[in-house]
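Asker: here is my input, please return the structure:
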Amino acid sequence: MRNRIGRMEGRAAVGAAIWAAAWGLLAVKPVDRGDWVLENLLIWLTLAGLIFTYWRCRLSLGAYGLIGLFLLLHAVGAHYSYDVPHVTGWLKQAGFTDLSRNSYDRVVHASFGLLCVLPIREALGRWTGMKAGVQSAAACVTILALGAFYELIEMWVAFLVAPELGTTFVGAQGDAWDAQHDMELALYGALLAVVLRAFFFRMTARKHRQEVG
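Answerer: Down below sits the predicted model:
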């Protein structure tokens, strides 16, 4: 058991080191240093929360990996002030032709739901003892609530901390419904992840029954 825990902690340390190295590279010469600091507040607060809860409610390596991937996507956006080159062109090539703005922020908001709903589901299961179906519903609602709260944080920071960076930080790009679209995409991503998880476990259980039978 101790060997297993040691291997898990070793893998976690390697993953954390790789993530820190990638973040360090993205911290070099960002497009706008002031906006970069504001954008990284989310990363620093999240890391502080993960460290604080690590010994109290340790999640699986997979959960930490999903959270790390989301934070890395956000770090890329912070480096470019969310005007990431080529993303809109790639999305148009993939069939999303009705795009008139840089869409990397949309990708990250959808990824928030897609990547973070399962770690949230896992944490809710350990903290509350909810049944599986309730865990999934509560995790999706939590994603929607966190998405709405982040939109409020953007507004508060833009008004109170750095009004001169408000437009850049909020990143609405002229879209009057930007906040609603961001929350919508996060919810869709969460629902997709939950459905895919349920489908995977159902297929796994069916295969197991066939093998046993």
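Asker: please make it C-alpha for all contacts and neighbour counts, starting now.
Answerer: Will do.
Asker: wait, what's in contact with the spatially most central residue of the chain?
Answerer: Residue closest to the mean C-alpha point of the chain, counted by C-alpha atoms, centre = their mean, is Phe112 at 3.2 Å. Neighbouring residues of Phe112 by C-alpha atoms under 8 Å, 6 or more residues apart in numbering: Phe70, Ile143, Ala186, Gly189, Ala190.
Asker: list the buried ones in stretch 72-91?
Answerer: Of all the residues in stretch 72-91, those buried under the rule 16 or more other C-alpha atoms under 10 Å are 72-84, 88, 91.
Asker: let me see the mean pLDDT of it.
Answerer: Averaging pLDDT along stretch 72-91 gives 82.
Asker: next: stretch 205-213.
Answerer: Per-residue scores along stretch 205-213 average to 73.
Asker: ditto for stretch 12-28
Answerer: 91.
Asker: surely Leu71 meets Trp44?
Answerer: No. With contact defined as C-alpha atoms under 8 Å, Leu71 does not count as touching Trp44 (9.8 Å).
Asker: mind listing the shared neighbours of these two?
Answerer: Common contacts of Leu71 and Trp44, defined by C-alpha under 8 Å, 6+ apart, are absent altogether.
Asker: out of the contacts of Phe112, list just those in strands.
Answerer: Nothing among the contacts of Phe112 maps onto strands, per DSSP state E.
Asker: and the residues you listed as TSV, adding neighbour count?
Answerer: Shown next, in TSV, are these (neighbours: other C-alpha atoms under 10 Å):
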residue	neighbour count
Phe70	20
Ile143	25
Ala186	30
Gly189	24
Ala190	29
